[in-house]
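Enquirer: using only what follows, build the 3D model:
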Amino acid sequence: MRLCLAVFALAMGCCMLEAADTPRAVTDPRDADADYAIQGEYYGCAVWKGCTRPCGLQLAAQGSGAFRGNFYPGGLPGWGYYGSEKVAVQGGRLSSDPAAAIELTGDELRVSIPAAGRADLYDFEGTKLGELILVTRQSPTMGAVPPQGATVLFNGTDTGALGNLKISPEGWMEVGAETKGAWQDFWMHAEFKTPYMPAFSDQKRGNSGFYLHRRYEVQVLDSFALDPVFNGSAALYRFKAPDFNMALPPLTWQTYDIQFTAPRFAEDGTTRLSKGRITVWHNGVVVQNNVELENKTGGGKQEGPDALPILFQNHSDPVQFRNIWLVDQTPTKSAAASTLVAGSQQPMSHREWRRWKRGKN
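Expert: Next up, the predicted model:
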């Protein structure tokens, strides 16, 4: 599924504060520095290796006027670019003036940003290759309405479904909440926003996570403009990197849509009959496709037969959440029994029953 595209409002830059006034973690764009107006996604057409084609650029602020990012021949991740050739770029402002032009370089490429909203591309001989425009994208599943029968975990108010719930003055859920209920198999929709933390990197930049069954973590992190890694955004933490890095810039609302099937255990509670499976859509794009879980991930609890709550991890960074709902997909005993009756012409032997049960679970 493609992300929706809209032109970025250039006027945003007028409300930015100086870098010296920027707190450790910014949750409101009005409190951000001048670099915030420059970072983001750029899109347009350019001549690349003799061919005019759509191209994309992602730039992430690194603090004090420094930037790093990637140039993508073909478009932006999930929108024309799906993991082929890319060019890493880095650089910064040409002076300490917050309004100064910005230049970045990479292999065979120079990027010049004369002002917020536009990136000009040049080769090293000074030939202009093209011009890209700063854009914003929105997940196609943003604002998804819970279907009939769904459990609404958070909708801006206390629905009674979460423990340790803290709500910001703006009506967003803060980190650290945990579901009061537990579901074996489910589909979950959630929207989240990472803070703007330009002076920090890696695991210290917008860190949180969705701990399914408190065992399996879908990582939340400001991984914008980075390569996909096993502890980055939408990773199954320290187990598997996402197929694509679909992270949007910090302070942008993003979506996870997660389908989770728990592992199944024998009656002894320790013998695992089948492994858990998970599919993750990050901003509408499949980045974990029916992945088989070998075990718990990272600091999760040990695997077991019982369903456990979902934890929205507190990793000390002010990640915020909204519009979280869940559809229980756990097979019921009555459904299993009716399936058995409908599909059986004669009683099953004990061995056949165990084989059928193992296949269903």
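Enquirer: okay, CA-based contacts and neighbour counts for the rest of this
Expert: Will do.
Enquirer: break the chain into its domains for me.
Expert: Structurally, the chain divides into domains by automatic domain parsing as follows: 4-138, 151-330, 337-361.
Enquirer: return the most buried member of those domains.
Expert: For those, ranked by mean neighbour count under the definition mean count of other C-alpha atoms under 10 Å, the leader is domain 151-330 at a mean of 20.
Enquirer: from start to finish, how long is that domain in a straight line?
Expert: Across its full length, domain 151-330 reaches 13 Å between end residues, using C-alpha to C-alpha, to the nearest Å.
Enquirer: I'd like the numbering to begin with 217 instead of 1 from here.
Expert: Okay, residue one is now 217; in that scheme the one you just asked about reads as domain 367-546.
Enquirer: in a helix, residue 419, correct?
Expert: Yes: for residue 419, which was evaluated using DSSP: H, G, I helix; E, B strand; the rest coil, the result is membership in a helix.
Enquirer: got the contact list for the closest residue to it other than its chain neighbours?
Expert: Counting by C-alpha to C-alpha, 6 or more residues apart in numbering, residue 419 lies nearest to residue 437, which is 7.1 Å off, once chain neighbours are set aside. Listed by C-alpha atoms under 8 Å, 6 or more residues apart in numbering, the contact set of residue 437 reads 410, 419, 421, 422, 423, 424, 425, 448, 449.
Enquirer: return the residues in contact with the last one.
Expert: What it means is residue 449. Counting by C-alpha under 8 Å, 6+ apart, residue 449 makes contact with 434, 435, 436, 437, 438, 439, 458, 461, 463.
Enquirer: closest to residue 374 among those residues?
Expert: For the contacts of residue 449, the closest approach to residue 374 (C-alpha to C-alpha) belongs to residue 436, at 22.8 Å.
Enquirer: is that closest one in contact with residue 447, as I believe?
Expert: No: checked against C-alpha atoms under 8 Å, the pair residue 436 and residue 447 is beyond contact range at 9.0 Å.
Enquirer: the stretch 367-516 of the chain: strands as residue ranges?
Expert: 367-370, 378-379, 389-390, 394-395, 402-409, 424-428, 432-436, 470-477, 480-481, 488-490, 492-498, 501-509 (DSSP state E, counting those that start in this stretch).
Enquirer: pull the distance from the fourth one to the chain's centre.
Expert: Centroid separation for strand 394-395 versus its chain: 20 Å, with C-alpha atoms, centre = their mean, to the nearest Å.
Enquirer: that strand - contacts with which helices or strands?
Expert: Under the contact criterion of 3 or more C-alpha pairs under 8 Å, 6 or more residues apart in numbering; DSSP states H and E, the helices and strands touching strand 394-395 comprise strand 378-379, strand 527-528.
Enquirer: ok, which of those comes nearest residue 342?
Expert: It's strand 527-528; of those, that one is closest to residue 342 (C-alpha to C-alpha) at 49.2 Å.
Enquirer: can you show me the helices along the protein?
Expert: 549-559, 566-576 (DSSP state H).
Enquirer: comparing the ones you listed by mean pLDDT, which bottoms out?
Expert: Among the helices of the chain, helix 549-559 carries the lowest mean pLDDT, at a mean of 37.
Enquirer: what residues are up against the nearest residue to residue 517 once chain neighbours are set aside?
Expert: With sequence-adjacent residues excluded and distances taken as C-alpha to C-alpha, 6+ apart, residue 517 is closest to residue 431, at 4.7 Å. With C-alpha under 8 Å, 6+ apart as the criterion, the residues that contact residue 431 are 512, 513, 515, 516, 517, 518, 519.
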